[in-house]
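> Model the following, please.
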Amino acid sequence: MVKRLIDCTAGDVAKMGKKDLLKSIALSEGRVLACETIGAVPPYLESVTNAEFAAGMGADMLFLNMFDVEQPRIYALPPVEKMETIRELKRLTGRAVAVNLEPADPAFSAGAAGQTWALTEGRRATVRNARTLCEMGADMIVLTGNPGIGVQNRAITEALKAISREVGDRMILAAGKMHASGILSEAGEGIITEADIGEFVKAGADVVLLPAPGTVPGITPEYVRGLVRCAHSLGALTVTAIGTSQEGADRDTIRRIALMCKMTGTDIHHIGDSGYLGMALPENIMAYSIAIKGVRHTYRRMVRSVNR
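Purely as a prediction, here's the structure:
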């Protein structure tokens, strides 16, 4: 019998395949918190990975941003073989792990060279990289775009088609943007439409990523509610995302966003990686978790041993 993800131990998560994990998320009824972290920058707590820190503050799932499959680096992770990087992180945290890949236009993304988010080959949304992530033990791939990289929705759709054929039977595939990613024609309400959702699901998306209400100009709870309803009608789950550095805002703002997201009917709540740089402010992770599922579930997630 599949348990709600908010009730699962590390041992439960380790046994889950794609179908069970999707069902476990759905059974949690909008109380799953996913924290995005960057392992390629020095961690907040010198000898502890940002992913472990986020897990300890109440994250139910972990999203890895700027994870290069060719040069996998997570600061403070114990030394392991490259192909064991994600499995080691899962062992230490007991969480399901998703990894971002970016279907960026090479000509556009070249303009970001030298910047924080500059795209590397190991982060591109290719079949080869997706296959490698599957072999490394990742549970989910998120097709999205970092700031200024130049990811368009049609590129997400094309990448989805190819990646779904290769690993779609074994890995959860999520698709969408939390901001414009440098494409002004896809800003505001243009970031994602019902037509885009239809294309994503048709191409193989199990989860549709949407900007959280209050994070992107013009994105209201009502607008996102309509998108969530559309995704659910097509059999997909949704994740509402804070990708605008508001993960570094005050706790009252975090609580407001959390409750607006819950009112949209979303399945997964995402909080971004740039409180400063690397993860959300830790107190905001806990505040978000408490807002959507109370102290009982939050504290239990925080203190439960990964050895269970």
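> hmm, who's touching stretch 214-233?
Identification of contacts with stretch 214-233 by Cβ atoms under 8 Å, 6 or more residues apart in numbering yields 178-180, 187-189, 191-194, 197-198, 201, 208, 210-213, 237-238, 240-244, 246, 253, 256-257, 260-261, 263-266. Backbone N, C-alpha and C define where each C-beta goes, glycine included.
> Could you rerun that using 6 Å?
179, 188-189, 194, 197, 208, 210-211, 213, 238, 242, 244, 246, 257, 260, 263-266 (Cβ atoms under 6 Å, 6 or more residues apart in numbering).
> give me the element residue 170 is part of.
Secondary structure assignment for residue 170, by DSSP states H and E: no helix or strand.
> Wait, a helix at residue 173?
No. Counting by DSSP: H, G, I helix; E, B strand; the rest coil, residue 173 is not found in a helix; it is strand.
> what distance separates whichever strand or helix holds residue 154 from the centre of its chain?
In the assignment (DSSP H and E), residue 154 maps to helix 153-167. How far helix 153-167 lies from its chain's middle: 17 Å, per Cα atoms, centre = their mean, to the nearest Å.
> Report all helices and strands that that helix contacts.
helix 127-136, strand 172-175, helix 194-203 (3 or more Cβ pairs under 6 Å, 6 or more residues apart in numbering; DSSP states H and E).
> Now do the same for that helix: mean pLDDT, whole number.
Mean per-residue pLDDT for helix 153-167: 97.
> residues of it that come out buried?
Judged by neighbour count (16 or more other Cβ atoms under 10 Å), helix 153-167 contains these buried residues: 153, 155, 156, 157, 158, 159, 160, 162, 163, 164, 167.
> returning to what we had before: for the buried ones among the contacts of stretch 214-233, write the corresponding ChimeraX selection.
A single ChimeraX command selects the buried members of the contacts of stretch 214-233 (16+ other Cβ under 10 Å):
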select :179,197,208,210,211,213,238,242,244,246,257,260,264,265,266
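> Out of the contacts of stretch 214-233, which sit inside strands?
208, 210, 211, 238, 242 (DSSP state E).
> got a markdown table for these, with pLDDT and distance to residue 135 too?
Formatted as a markdown table, the ones in strands among the contacts of stretch 214-233 follow (pLDDT from 0 to 100; distance: Cβ to Cβ, whole Å):
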| residue | pLDDT | distance to residue 135 |
| --- | --- | --- |
| 208 | 98 | 26 |
| 210 | 98 | 29 |
| 211 | 97 | 31 |
| 238 | 98 | 28 |
| 242 | 98 | 30 |
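> Which one of those residues is nearest to residue 279?
residue 242 (12.1 Å; Cβ to Cβ).
> so who does the closest one touch?
Here residue 242 is in contact with 212, 215, 271, 272 (Cβ under 6 Å, 6+ apart).
> Was I right to think the first one contacts residue 261?
Yes. Taking Cβ atoms under 6 Å as the definition, residue 212 is a contact partner of residue 261 at 5.2 Å.
> which residues are common contacts for the two?
residue 240.
> Show me which of the two is the more surrounded one.
residue 261 (30 against 27; other Cβ atoms under 10 Å).
> What is the burial count for the closest residue to the more buried one other than its chain neighbours?
Leaving aside its chain neighbours, residue 261 sits nearest to residue 240 (4.3 Å; criterion: Cβ to Cβ, 6 or more residues apart in numbering). Residue 240: 32 surrounding residues under other Cβ under 10 Å.
> Any regions of the stretch 1-150 of the chain where pLDDT drops low?
107-117 (pLDDT under 70).
> could you pull out the helices for the stretch 201-308 of the chain?
221-233, 251-264, 282-303 (DSSP state H, counting those that start in this stretch).
> out of the ones you listed, nearest to residue 34?
Closest approach to residue 34 among those is made by helix 282-303 (10.3 Å; Cβ to Cβ).
> Kindly reformat the ones in strands among the contacts of stretch 214-233 as CSV containing distance to residue 301.
Converted to CSV, these look like this (distance: Cβ to Cβ, whole Å):
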residue, distance to residue 301
208, 25
210, 24
211, 25
238, 21
242, 19
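> Could you name the helices and strands sitting against the helix or strand residue 99 falls within?
Taking DSSP H and E as the definition, residue 99 sits inside strand 96-101. Applying 3+ Cβ pairs under 6 Å, 6+ apart, one finds that strand 96-101 contacts strand 61-65, strand 140-143.
> Going C-terminal from the longest one, what's the next secondary structure element?
On the C-terminal side of strand 61-65, the nearest following helix or strand under DSSP H and E is helix 85-93.
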